[in-house]
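In: pasting the sequence and the predicted model now:
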Amino acid sequence: MKVTVFGIGYVGLVQAAVLASVGHDVMCVDIDEQKIDNLKKGIIPIYEPGLTPLVEETYQNGLLNFTTDAAKGVSHGTIQFIAVGTPPDEDGSADLKYVLAVAETIATYMTDEKIVIDKSTVPVGTADKVAAKIAEVLAKRKQSIPYDVVSNPEFLKEGAAVSDCMKPDRIVVGTENEKSRVAMRELYAPFNRNHDRMIFMDVRSAELTKYAANCMLATKISFMNEMSNLAELLGADIEAVRHGIGSDSRIGYQFIYPGCGYGGSCFPKDVQALVRTANEINYKPALLEAVESVNYAQKQKLFTHLSNHFKGDLAGKTIAIWGLSFKPQTDDMREASSIVLMKALWQAGAIVQAYDPEAMEECQRIFNDNDNLALMGTKESALKGADALVVCTEWSQFRAPDFDLIGNALTTKVIVDGRNLYDPQLLNERGFAYYAIGRGDSVKKVNA
Ligand SMILES: NC(=O)c1ccc[n+]([C@@H]2O[C@H](COP(=O)([O-])OP(=O)(O)OC[C@H]3O[C@@H](n4cnc5c(N)ncnc54)[C@H](O)[C@@H]3O)[C@@H](O)[C@H]2O)c1
Ligand SMILES: O=c1ccn([C@@H]2O[C@H](COP(=O)(O)OP(=O)(O)O[C@H]3O[C@H](CO)[C@@H](O)[C@H](O)[C@H]3O)[C@@H](O)[C@H]2O)c(=O)[nH]1
């Protein structure tokens, strides 16, 4: 099928390459000329496992193409995906200006029937707004061309985006139009062979399904973070508790890892956006507000551990940080806990020596002129002369480090672990002050 994708970010590029890989003829449109030029040269703008060979292969065989020419993009596909960003507005609600700009573009150039698919995460009612925008522009053009707006939210995780798209748990489609339904079945047929993953529903329910999924996952995380705070105060170990509750199949092991707060481009903004949606209809979403505030507090924890250890005096101290991205297997630092920590450390007069396997360039881009940040080439060099090590992201290369080397490189043997990677007993035996998340036992021993 002929498909156009507007917005070549994490979602658009992965979706486009995956659709091209099964034989669809895909045109990618972005307003970022540099990005499009680079993609044509084979330079992939993001780190995502498996994406580079997929883009190379599909671009070379002609099924994946890139352009900044919106008119060309609109004329290409019967199916027009909108996969642009929906960042938080000043009040936290989803800003729809990019989505509506694409709707306007499609309506401006369309000359034949289109199925417009909203893949961006958008509040309930957005499909109606997109349809209204297209109608408005077509009316100005004095054209009557049929179109339908479908909601088809994306559930991929960064770091596993290609495999999530290739083997989705489900493909949610919101439409009440039979023609669109048939087209969506045909589009996704290659991903739907061994069992039916397609879940059809009305448009508004599909739009809400996306927020409900992210808010449910964020709730699980904040719940565990709240339990971890209780565990710390009660002298219990949240890791034992995690195993204890995860073994109940009604609860399950996924998304119950306590840590230094959830980040990324989705959970923080989507929880916030649903809170705003609720406020607009005079509903107080007490649970979602609590999910947000627990997460805000959790992101301060790493700094609090450091500050308590150094008795509030962090001025002139050097802190090594392992992991800058909001999760492993990505270079994305949007809403990363590392940013909250670094800003607090700088405010307290400390210096940061940081290392991340993939997010160094991104960190450089965000904090390019900060004299109190040294980006180091290896995890070992980040330790040299530092007063403490903080682990912010659980990259696998941080899971089993050489603790003798760490102990020798640091001026004081202090580890703050935002991901509970290490054995508190072992680190205490080796003379480290070890602070983790919700591990009352290790905190008690250190303080004894
Ligand atoms: N990142 C994720 O893991 C993820 C997963 C599921 C859903 N989502 C949702 O998908 C949407 C896109 O997220 P993302 O992370 O891919 O965003 P992104 O910021 O990585 O990419 C958005 C792209 O859209 C382009 N763009 C903006 N206006 C445009 C226009 N008028 N025409 C063409 N291109 C335009 C930008 O230049 C940019 O390249 C958001 O609504 C997000 O919430 C994201
Ligand atoms: O048990 C857990 C699991 C995750 N996290 C944190 O939660 C954040 C988000 O992680 P994850 O969900 O793996 O990454 P995202 O790429 O943000 O993916 C989420 O957001 C996407 C955008 O909407 C959705 O498509 C995905 O389904 C949804 O998982 C990260 O900071 C993780 O460290 C935890 O703290 N504990």
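Out: Everything's here; your move. Ligands and ions are numbered 1, 2, ... in the order given.
In: wait, is residue 85 part of a strand?
Out: No. Applying DSSP: H, G, I helix; E, B strand; the rest coil, one finds residue 85 to be coil, outside a strand.
In: quick check: closest non-adjacent residue to it.
Out: residue 98 (5.6 Å; CB to CB, 6 or more residues apart in numbering). Quick note: C-beta positions are derived from backbone N, CA and C, even for glycine.
In: same deal with residue 383?
Out: If the residues on either side of it in the chain are set aside, residue 383 comes closest to residue 409, at 3.7 Å by CB to CB, 6+ apart.
In: quick check: mean pLDDT of stretch 161-175?
Out: The predicted model gives stretch 161-175 an average pLDDT of 97.
In: is any part of it close to ligand 2?
Out: No. On the criterion CB under 6 Å from any ligand atom, stretch 161-175 is out of touch with ligand 2, staying 7.5 Å away.
In: just stretch 383-402 next, same as before
Out: No. Stretch 383-402 does not reach ligand 2 (CB under 6 Å from any ligand atom); its nearest approach is 7.5 Å.
In: straight-line length of that stretch, end to end?
Out: With CA to CA, to the nearest Å as the measure, stretch 383-402 spans 12 Å from end to end.
In: neighbouring contacts of that stretch?
Out: 260, 302, 306, 309-310, 317-329, 336-338, 341, 353, 356-357, 379, 405-406, 409-412, 414-419, 421 (CB atoms under 8 Å, 6 or more residues apart in numbering).
In: distance from the chain centre to it, please.
Out: Taking CA atoms, centre = their mean, to the nearest Å, the mean C-alpha location of stretch 383-402 is offset from the chain mean by 22 Å.
In: start and end of stretch 188-195, how far apart?
Out: This stretch, stretch 188-195, spans 12 Å end to end (CA to CA).
In: show residues contacting it.
Out: So stretch 188-195 is in contact with 22-23, 165-168, 171, 185, 197-198, going by CB under 8 Å, 6+ apart.
In: contacting residues around the closest residue to ligand 2 within the stretch 51-200 of the chain?
Out: Nearest residue of the stretch 51-200 of the chain to ligand 2: residue 158, at 3.6 Å (CB to the nearest ligand atom). For residue 158, the set of contacting residues under the criterion of CB under 8 Å, 6+ apart consists of 10, 48, 264-265, 327, 329-330, 332.
In: quick check on the closest residue in space to residue 207 that isn't next to it in sequence: phi, psi?
Out: When the adjacent residues along the chain are set aside, residue 207 lies closest to residue 124, with 4.6 Å between them (CB to CB, 6+ apart). Backbone torsions of residue 124, given as degrees, to the nearest 10, read phi -60, psi 130.
In: thought residue 124 was touching residue 209?
Out: No. Because the distance of 9.9 Å does not satisfy CB atoms under 8 Å, residue 124 is recorded as not touching residue 209.
In: could you report the neighbour count for the residue nearest to residue 383?
Out: The criterion is other CB atoms under 10 Å. On that basis, residue 409 has 17 neighbouring residues.
In: report the contact partners of it.
Out: By CB under 8 Å, 6+ apart, the residues touching residue 409 are 380, 383-386.
In: emit the ChimeraX select command for whichever of those residues are buried.
Out: Applied in ChimeraX, the following selects the buried portion of these according to 16 or more other CB atoms under 10 Å:
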select :383,386
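In: tell me the one of the contacts of residue 409 nearest residue 75?
Out: Out of these, the one with the shortest distance to residue 75 is residue 380. That distance is 54.2 Å, counting by CB to CB.
In: could you say which helix or strand contains the closest one?
Out: Under the criterion DSSP states H and E, the helix or strand holding residue 380 is helix 379-383.
In: now do the SS call for residue 115.
Out: For residue 115, the secondary-structure state derived from three-state DSSP is strand.
In: my guess is it contacts residue 151. True?
Out: No. Look at residue 115 against residue 151 with CB under 8 Å: they stay out of range, at 11.7 Å.
In: the more surrounded of these two?
Out: Looking at residue 115 and residue 151 with other CB under 10 Å, you find the greater number of neighbours at residue 151, namely 27 against 24.
In: which SS class is the residue most central in space within the chain?
Out: Taking CA atoms, centre = their mean as the criterion, residue 264 is the residue nearest the geometric centre of the chain, at 3.6 Å. For residue 264, the secondary structure call by three-state DSSP comes out as coil.
In: contacting residues around it?
Out: The neighbours of residue 264, taking CB under 8 Å, 6+ apart as the test, are 158, 326-327, 332, 334-336.
In: wait, a helix at residue 208?
Out: Yes. Applying three-state DSSP, one finds residue 208 inside a helix.
In: pLDDT at the closest residue to it other than its chain neighbours, what is it?
Out: Sequence neighbours aside, residue 124 is the residue nearest to residue 208 in space, at 5.2 Å (criterion: CB to CB, 6+ apart). As summarised for this prediction, residue 124 has a pLDDT of 97.
In: same check, this time on residue 153
Out: Here the pLDDT value assigned to residue 153 is 98.
In: let me know the closest of the contacts of residue 158 to residue 32.
Out: For the contacts of residue 158, the residue nearest residue 32 by CB to CB is residue 10; the value is 13.5 Å.
In: check contacts around the closest one.
Out: Neighbour list for residue 10: 46, 48, 156, 158, 161, 265, 332 [criterion: CB under 8 Å, 6+ apart].
In: can we see that at 6 Å?
Out: Contact analysis of residue 10 by CB atoms under 6 Å, 6 or more residues apart in numbering lists residue 158.
In: can you check residue 231 too?
Out: Counting by CB under 6 Å, 6+ apart, residue 231 makes contact with 238, 438, 440.
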